[in-house]
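Q: Got a predicted structure plus its sequence, pasted below:
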Amino acid sequence: MDQKIEKILVKYLMNAADIDDLEILSNWLKKEENKQIFKNHVKINYVMDSNFNEFDVVSAKEEYLQKIRLKKRRDRKLKTYNALRNAAAVIAIGFASVYLLNEFAFKEATAYGTSTVVNSQIEPGTDKATLTLEDGSQIALEKGSSLQTQNANSNGEEIVYEADKKRGKEVVYNYLTIPRGGQFHVVLSDGTEVWLNSESQLKYPVAFIDGESREVELIYGEAYFDVSPSTAHKGARFKVFNQSQEVEVLGTEFNIKAYKEETNIYTTLVEGKVTVNFGDQQQKLLPNQQSVTNIDQKDIEVRNVDVYGETSWRKGLFSFKSKSLKEIMTVISRWYDVEVIFENSELENAMFNGVLKKDQSLEVLLKAINKTNLISAYEIKEDKVIIK
């Protein structure tokens with residue numbers, strides 16, 4: 001498969017394709033031989049869950065029409081023409097993809113093991129966090145609740161800090177802690193957006209000091225940063241600290257994964273430039289690159305990665321490409337707040353490729369994995385999952 005088409009296909013499956021990507025993919029799929037290539041590629045590289053069967057044409061059409069309306073430097077006539085053309089492209093891709101995924105992702109994967117569920121209906125994680133204020137008091141943030149302080153307000157799904165025009169030289173910190181089975185979005189006072197994954201904690205100033213370096217600390221866990229550019233803050237750089245690592249940026253999008261039980265820190269650059277510092281070592285990253293900082297060996301390795309897969313959690317997806325079943329179950333255990341036990345330790349090293357939605361019950365997700373025949377069966381018993 002052509003590398004350009006393969007990249008667009010990955011973006012489509014990660015919900016990251018834009019209008020131009022969709023048009024290219026739609027035209028490419030018009031050829032029958034390309035439909036077969038598409039089918040074979042996804043069959044080999046991905047296991048799709050049943051929720052991908054659903055494609056809301058009306059909603060998708062409106063979503064992409066809105067994207068077109070927001071595009072700059074296009075005159076009104078061209079916008080109208082492209083809106084109709086691209087809406088048709090979206091619909092064509094949707095029907096083609098759903099048909100193909102139906103054909104091989106499910107009908108051919110019917111021979112799989114049994115499962116047992118005992119008194120358990122484990123639902124997916126949700127937006128929730130604990131906010132620790134400067135005086136040490138803690139406030140639970142979750143859907144359906146609201147909060148308003150002197151510096152911030154929350155609707156239960158995110159917390160937004162306001163720029164303090166009267167701030168002095170004293171830096172006051174808040175902590176946002178995301179439990180297992182949770183996620184949360186925070187907008188810092190400089191406009192920087194941070195998405196926090198399950199089992200994560202971020203330390204950050206309530207307000208940054210004008211013109212000085214903007215510094216936050218990812219104490220543990222995973223976070224996606226969309227940093228407000230330094231040009232909007234008198235040249236002030238943005239830094240993220242974690243253990244012995246420091247990431248310095250001017251304004252960009254990147255992801256850091258640094259869980260407590262892991263010896264590696266993964267920094268993935270989506271847009272812009274960042275510099276990763278670790279001890280006396282320094283590495284500059286370009287888009288689509290990832291640094292792997294090994295705490296024990298005290299070194300940094302840089303490699304090219306699929307950024308859409310690495311950051312898909314922010315868009316409500318699990319994307320596993322050549323991941324071991326043990327790695328996958330570690331991610332799943334955090335999101336569903338369960339303990340995973342392997343009855344056969346050899347299964348831990350079994351490799352899996354898949355794109356699965358996060359907004360479904362644990363049983364539905366396990367059924368999708370079970371269809372690969374990597375595991376013969378599984379058992380859900382209260383808050384434990386036993387892989388057999």
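A: Sure thing, it's come through.

Q: Quick check: which element contains residue 303?
A: Taking DSSP states H and E as the criterion, residue 303 maps to strand 299-304.

Q: Enumerate every residue touching residue 208.
A: Applying C-beta atoms under 8 Å, 6 or more residues apart in numbering, we find residue 208 in contact with 171, 188-190, 214, 233, 236. Every residue, glycine included, has its C-beta placed from N, CA and C.

Q: what does the strand holding residue 303 contact?
A: Residues contacting strand 299-304 (C-beta under 8 Å, 6+ apart): 276, 278, 281, 283, 285, 288-294.

Q: how does it look with 7 Å?
A: With C-beta atoms under 7 Å, 6 or more residues apart in numbering as the test, strand 299-304 has contacts from 276, 278, 281, 283, 285, 288-293.

Q: what two of the contacts of residue 208 are the furthest from one another?
A: 171 and 233 (14.8 Å; C-beta to C-beta).

Q: okay, the two: which has more neighbours?
A: Set residue 171 next to residue 233 and count neighbours by other C-beta atoms under 10 Å: residue 233 wins out with 20 against 15.

Q: With adjacent residues omitted, what lies nearest to that one?
A: Distances taken as C-beta to C-beta, 6 or more residues apart in numbering put residue 190 closest to residue 233, at 5.8 Å, once the chain neighbours are dropped.

Q: Name the helix or strand for that neighbour, please.
A: Per DSSP H and E, there is no helix or strand for residue 190.

Q: residues contacting the closest residue to residue 213 other than its chain neighbours?
A: The spatially closest residue to residue 213, leaving aside those adjacent along the chain, is residue 237, at 5.4 Å (C-beta to C-beta, 6+ apart). Shown in contact with residue 237 (C-beta under 7 Å, 6+ apart): 213, 230, 248-250.

Q: Narrow the residues you listed to just the buried residues.
A: With neighbours counted using 16 or more other C-beta atoms under 10 Å, the contacts of residue 237 contain these buried positions: 230, 248-250.

Q: ok, and the most crowded of the contacts of residue 208?
A: residue 188 (26 neighbours).

Q: ok so, going back, next step: the contacts of strand 299-304 restricted to helices.
A: Using DSSP state H, no member of the contacts of strand 299-304 sits in helices.

Q: Out of these, which end up buried?
A: So, by 16+ other C-beta under 10 Å, the buried ones in the contacts of strand 299-304 are 276, 278, 283, 285, 288-293.

Q: Helices along the chain, start to end?
A: 3-13, 19-28, 32-45, 57-70, 76-101, 307-310, 325-336, 362-370.

Q: Present the contacts of residue 208 as TSV; the columns should include pLDDT and distance to residue 134.
A: Shown next, in TSV, are the contacts of residue 208 (pLDDT from 0 to 100; distance: C-beta to C-beta, whole Å):
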residue	pLDDT	distance to residue 134
171	88	10
188	97	15
189	95	14
190	94	18
214	95	18
233	90	22
236	92	22
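
Q: and which of the residues you listed is nearest to residue 359?
A: For the contacts of residue 208, the nearest to residue 359 is residue 188 (26.6 Å; C-beta to C-beta).

Q: Tell me who's in contact with that closest one.
A: By C-beta under 7 Å, 6+ apart, residue 188 lies in contact with 161, 194, 204.

Q: and if you look at residue 347?
A: 325, 375, 387.

Q: As TSV, those with neighbour count would be great.
A: Formatted as TSV, these follow (neighbours: other C-beta atoms under 10 Å):
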residue	neighbour count
325	22
375	22
387	23
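
Q: Tell me the one of those nearest residue 340?
A: residue 387 (6.6 Å).

Q: residues of stretch 133-149 that come out buried?
A: Applying 16+ other C-beta under 10 Å to stretch 133-149 flags 133, 141 as buried.

Q: One more: stretch 321-339?
A: For stretch 321-339, using 16+ other C-beta under 10 Å, the buried residues are 321, 323, 325, 328-329, 331-338.

Q: I figured residue 351 hits residue 322, correct?
A: Yes - judged on C-beta atoms under 7 Å, residue 351 makes contact with residue 322 at a distance of 5.7 Å.
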